[in-house]
Structures are given as structure tokens and as C-alpha cells.
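Colleague: The sequence isn't on hand, but the structure is:
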């Protein structure tokens, strides 16, 4: 099967005219199916910009990005919508609906897949919430959850639809060491069992030992690409 993420010659700018500033420079990156790849680098280095381009949340300006076999540069809106239905997104801001319970928030992650019987949706949501350690908080509103618990609900929402690719931006920032490790272990298990591919931006050094690969970005350029399985820098 083809690699799910392939970027070639990717450049990106913000602003226009004299204020135009280049954020990414000639990015070449291939992410293997089922792997957990971590993007690291200082604030402002371009990590989140790259993540959102690869996840079809920004338009590709120059270069090529192939996501799940589809070219994103110049892609139609219909293609982008169809691709997003195959993705899971986890952001540092949990973005939960305050009027919905934990289980109802997770069920929303299934709605992009079309009409699903209510009983099956509840079962799937309950199952994934238990996997992230919230089996006793299914019917709690966000106001009655801690910051770490809210983040786990957001993670469950991203995982419930069995996405082909997960894009995660600082998913463990609000979690304690044990919970963060457990969440990353769950994501790794999905990679092994289902072939789920994960690209994760993080500053959390505590989870690096679970990564298959660590890509470091500085000033919009890839400066290090370490495949931990091979024990050497990848080309």
C-alpha cells in the first residue's frame, strides 16, 4: 500500500506584499502507514503549519502533498471534504461542546461518517472513552471535568471513527505523565492493529521513546529526521 503522507518541495508563505514571509522551505517528507511520527522544534518553527497543510486544513500554495493517494495541491472542495472524513484531529484546545456530555461529544466524531444507529454510536463512544480512562465520566458535562479529562474526551472523539490518519498538535500537553503515556500507547496500538498513521506535534519529551520516528523542524526547514527503528537519520 502507498505511503499515506508524501510531501515534495512544499513551500508556504503568510501575508502578502512586503509583509509576505516564508514559513516553510522545500519540505520533503514521507510518512509510512501505521507509524507514529513526531514533529519537534521550537515555537514558530513551522510544525503546526506543516501539520495543517498535510491534514488539508490549509491550501497548498507550492509543491506537492499526497494524502491517502490524493493530491492536495489544487484539489477540489469535494475531495478535501471526503479526505477529512478519513482523518482524526487532536488539538491542544479541546473544543468540546459545553452543553453535551462526554459521550455526546465523542458521538459527534461519528457524525461526519453519515447516519449511524444511535445504539451503535453510543456503544462506540462508550468503548473509546473507557480506553482513555473515562469509563466513569461518560455522562459528565465538560464543566465537571478537569482539563486533562477534557483533553481525553477530545482524543476519544478523534479516535472513535477509526481514522486512517491522525493529526495531533500537542495532544498530551494537559495530561499527567501516566495518562499521556497511556494515550500514546493507545495510538501506537491502533497503528499496529489497524494501520492507523499518526503525525504528532509535541514538546513533550516524556513520550519520545514511543515514537517510531522524530522529525525536527527549525526556521521552516527539516534539520533532522531520525528513524528510531533504523537507528540512523532518514534521507
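Modeller: That came through fine. Bear in mind that the values here come from a model prediction, so they are computed numbers and not experimental data.
Colleague: switch to C-alpha atoms for all contacts and neighbour counts from now on
Modeller: OK.
Colleague: And for the lengthiest helix in the chain, what's in contact with it?
Modeller: Longest helix of the chain, by residue count under DSSP state H: helix 177-194. Residues from elsewhere that reach helix 177-194, judged by C-alpha atoms under 8 Å, 6 or more residues apart in numbering: 33-36, 131-132, 172, 196-198, 206-207, 210.
Colleague: go again using 10 Å as the cut-off
Modeller: Contacts with helix 177-194, where a contact means C-alpha atoms under 10 Å, 6 or more residues apart in numbering, come from 33-36, 131-133, 148-149, 152, 155-156, 159, 162-166, 171-176, 195-198, 200, 204, 206-212.
Colleague: now stretch 70-82
Modeller: Everything outside stretch 70-82 that qualifies as a contact, by C-alpha under 10 Å, 6+ apart, is 4-7, 10, 53-67, 83, 112-113.
Colleague: Now list the buried members of these.
Modeller: 4-7, 10, 53-56, 59-60, 63-67, 83 (16 or more other C-alpha atoms under 10 Å).
Colleague: So what sits opposite the residue sitting nearest the centre point of the chain in the bridge?
Modeller: When C-alpha atoms, centre = their mean is applied to the chain, the residue found nearest the centroid is residue 167 (1.3 Å). Per DSSP bridges, the residues bridged to residue 167 are residue 89, residue 199.
Colleague: just checking, it touches residue 86?
Modeller: No. In terms of C-alpha atoms under 10 Å, residue 167 does not count as a neighbour of residue 86; the distance is 11.1 Å.
Colleague: And the helices in this protein?
Modeller: Under DSSP H, the chain gives helices at 47-54, 77-84, 102-107, 118-131, 147-159, 177-194.
Colleague: Summarise which helices and strands the fourth one is packed against.
Modeller: For helix 118-131, the packing partners by 3 or more C-alpha pairs under 10 Å, 6 or more residues apart in numbering; DSSP states H and E come out as helix 102-107, helix 147-159, helix 177-194.
Colleague: That one to helix 177-194, inter-axis angle?
Modeller: 130 degrees (axes from the mean of the first three to the mean of the last three C-alpha atoms, to 10 degrees).
Colleague: ok, residue 47 - contacts?
Modeller: 23-24, 38-41, 169, 200-202, 215-222.
Colleague: same thing with residue 172?
Modeller: Counting by C-alpha under 10 Å, 6+ apart, residue 172 has contacts 90-92, 148, 151-152, 155, 179-184, 201-204, 206-207.
Colleague: before we move on, back to that, show the model's pLDDT score for the residue nearest to the centre of the chain.
Modeller: Confidence at residue 167, expressed as pLDDT, is 96.
Colleague: what's the answer for residue 101, then?
Modeller: Confidence score, pLDDT, at residue 101: 97.
Colleague: Give me the distance between it and residue 155.
Modeller: 15 Å (C-alpha to C-alpha, to the nearest Å).
Colleague: between these two, who's got more neighbours?
Modeller: A direct count of neighbours by other C-alpha atoms under 10 Å for residue 101 and residue 155 places residue 155 higher, at 25 against 20.
Colleague: What about the nearest residue to that one once chain neighbours are set aside, how many residues nearby?
Modeller: Of all residues not flanking residue 155 in the chain, residue 90 sits nearest, at 5.9 Å (C-alpha to C-alpha, 6 or more residues apart in numbering). Neighbour count for residue 90, taken as other C-alpha under 10 Å: 23.
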